[in-house]
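In: From the sequence below, what's the structure:
(one chain, ligands or ions: 2)
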Amino acid sequence: MSATAASRQAMPAAPPRLVADGVGKSFAGLAAIADVTFSVGAGELVAVLGPSGAGKTTLFRCLTGLLAPDGGTVRVGGEDIATLHGRARRRVAVVFQQFNLVNRISALDNVLAGRLGHVPAWRGVLRRFDRADRLLALECLDRVGLLDKAMQRADTLSGGQQQRVAIARAMAQRPDLIVADEPVASLDPAAGAGVLELLHGIARRDGVAVVCSLHQVGFARTYADRVVGLSQGRLALDMPVDRFDEAAFARLYGTPSAARAGAAGPIAMQQEGPRP
Ligand SMILES: Nc1ncnc2c1ncn2[C@@H]1O[C@H](COP(=O)(O)OP(=O)(O)O)[C@@H](O)[C@H]1O
Ligand SMILES: [Mg+2]
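Out: Ligands and ions are numbered 1, 2, ... in the order given. Model (predicted):
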């Protein structure tokens, strides 16, 4: 039994941090996702896999409350995301494929933006963060290994560094849940592994629930606790990562992984990195 499975058994009473229950969303009468049900516990990293067009981004936009589902509910910490407004939304942090930093300001100021949900609005407008917020932001930059870049403009950092700043910003939000839609799709394998290692560490050390879509199955196998598979908008599988074998892969992608290795990149290489 994996350490994760053991710890889940040891804490049966803890309710999941994220519950998607029968979530559906259509565009112009066509279902992008339908009846998607799964949950993510505190301290758990769940990888969402599936071919392009399977509905991953639509699902993630529903999870963060950016998009209202046509059917079903999304609950974070037991509360319907549709009823969480303003500051309560800070419980959910989002990490994007394209980092979404403000280019012209420093790494530190980008991380401080993660505190905006916590400080009075006027402080945010005037960028008057107090000492505790600044220390927290520096601590978050330190956690992602970029303390020495704190004063550097975001657009002068490498892609991998920018995504780490975005993760520091998410951490500064002190969220219950991090939703990351293809956070490593724009990064080379080494930078991608670094980012996933950070997300895994945040789940474990801070007890944050992390849900992360990926195209690289090797990364899911290395860093995820569970795999949720979407196919044509529907939940195709939900299993512990050690059960995500060749048969499950073929069921999800409709092709054996050997055939996919050429198209998707060196899966074996991505698995080489040490598990944190
Ligand atoms: N805003 C939109 N308007 C119309 N169709 C959309 C919109 N967003 C997504 N879709 C459709 O929903 C389906 C799922 O897309 P998406 O959620 O982006 O999948 P994935 O992220 O897995 O590639 C696709 O068929 C896509 O064309
Ligand atoms: Mg997508």
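In: can you list the weak-confidence ranges in the stretch 101-250 of the chain?
Out: The model of the stretch 101-250 of the chain has pLDDT under 70 over residues 117-127.
In: Identify each of the helices in it and give its residue range.
Out: Here the stretch 101-250 of the chain has its helices, by DSSP state H, counting those that start in this stretch, at 107-112, 121-126, 131-143, 159-172, 189-206, 217-223, 246-253.
In: Among those helices, which comes closest to ligand 1?
Out: Proximity to ligand 1 (C-beta to the nearest ligand atom) singles out helix 246-253 among those, at 11.9 Å. C-beta: built from backbone N, CA, C; applies to glycine.
In: what does that closest one contact?
Out: 49-51, 217, 227, 229, 231, 236-237, 239, 256-257, 260 (C-beta atoms under 8 Å, 6 or more residues apart in numbering).
In: can I get the helices of the stretch 101-250 of the chain in a markdown table with mean neighbour count?
Out: Shown next, in a markdown table, are the helices of the stretch 101-250 of the chain (neighbours: other C-beta atoms under 10 Å):
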| stretch | mean neighbour count |
| --- | --- |
| helix 107-112 | 25 |
| helix 121-126 | 11 |
| helix 131-143 | 17 |
| helix 159-172 | 25 |
| helix 189-206 | 20 |
| helix 217-223 | 23 |
| helix 246-253 | 16 |
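In: Out of the ones you listed, which is closest to residue 81?
Out: helix 159-172 (16.7 Å; C-beta to C-beta).
In: Just name whatever secondary elements that closest one is in contact with.
Out: In terms of contacts (3 or more C-beta pairs under 8 Å, 6 or more residues apart in numbering; DSSP states H and E), helix 159-172 is packed against strand 92-95, helix 107-112, helix 131-143, helix 189-206.
In: Adding distance to residue 56, write the ones you listed out as TSV.
Out: TSV is the format used below for the helices and strands packed on helix 159-172 (distance: least, C-beta to C-beta, whole Å):
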stretch	distance to residue 56
strand 92-95	14
helix 107-112	25
helix 131-143	27
helix 189-206	16
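In: Can you say which of these is nearest to residue 167?
Out: Of the helices and strands packed on helix 159-172, nearest to residue 167 by C-beta to C-beta is helix 189-206, at 5.3 Å.
In: what does that closest one contact?
Out: Here helix 189-206 has contacts from 43-45, 95, 143-144, 158-160, 163-164, 167, 170-171, 178, 180, 183-184, 187, 208-210, 212, 216, 219, 222-223, 225, 265-266, 269-270, 273, 276, using C-beta under 8 Å, 6+ apart.
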